[in-house]
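Student: Give me the fold of what follows.
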Amino acid sequence: MRATLNIPDGLMAEVQKYSGEKTKTGAIVVAMEEFVREKKMRQLLALRGKIQIDYDWEKEEELELKAQEERLKLFER
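Tutor: Now for the predicted structure:
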């Protein structure tokens, strides 16, 4: 998407410096991706302690091993 933006020169130079990008477009894309990633991370962290997950990994592993044995029996025929 093309856009015309008024970004202060000093800020643009700083974003390019910290992002390591040579182009203004690249620097802005990196900065926007980082902003979105940070917001998503904060939303996930806000859920800490609010979600109860009851997951029995041992049972899940046992079921997977049984399924694997059954698949192997099919190939042995």
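Student: count of residues packed around residue 10?
Tutor: If you count neighbours by other Cβ atoms under 10 Å, residue 10 ends up with 8. (Each C-beta comes from the backbone N, C-alpha and C, glycine too.)
Student: those strands in this structure, which residues are they?
Tutor: Remark: no strands are assigned in the chain by DSSP state E.
Student: Which residue ranges of it form helices?
Tutor: Taking DSSP state H as the test, the helices found in the chain are 9-19, 24-46, 57-76.
Student: Can you check the pLDDT for the most centrally placed residue in the chain?
Tutor: Nearest to the geometric centre of the chain sits residue 37, at 7.1 Å (Cα atoms, centre = their mean). As predicted, residue 37 sits at a pLDDT of 97.
Student: so who does it touch?
Tutor: Applying Cβ atoms under 8 Å, 6 or more residues apart in numbering to residue 37 gives no contacts.
Student: cool, residue 27 as well?
Tutor: Residues in contact with residue 27, defined by Cβ under 8 Å, 6+ apart, are 12, 15-16, 19, 21.
Student: same question, residue 10
Tutor: The contact partners of residue 10, by Cβ under 8 Å, 6+ apart, come to none.
Student: Look up how far residue 31 lies from it.
Tutor: As for residue 10, its distance to residue 31 is 14 Å (criterion: Cβ to Cβ, to the nearest Å).
Student: swap in residue 74?
Tutor: Distance of residue 74 to residue 31, computed by Cβ to Cβ: 53 Å.
Student: So which of these two has more stuff around it?
Tutor: Neighbour count, other Cβ under 10 Å: between residue 74 and residue 31, residue 31 has more, with 18 against 7.
Student: In this structure that one contacts residue 16, no?
Tutor: No - between residue 31 and residue 16 there is no contact under Cβ atoms under 8 Å: 9.4 Å.
Student: returning to what we had before: can you tell me which of the helices of the chain is nearest to residue 1?
Tutor: Comparison of those against residue 1 by Cβ to Cβ identifies helix 24-46 as nearest, at 11.0 Å.
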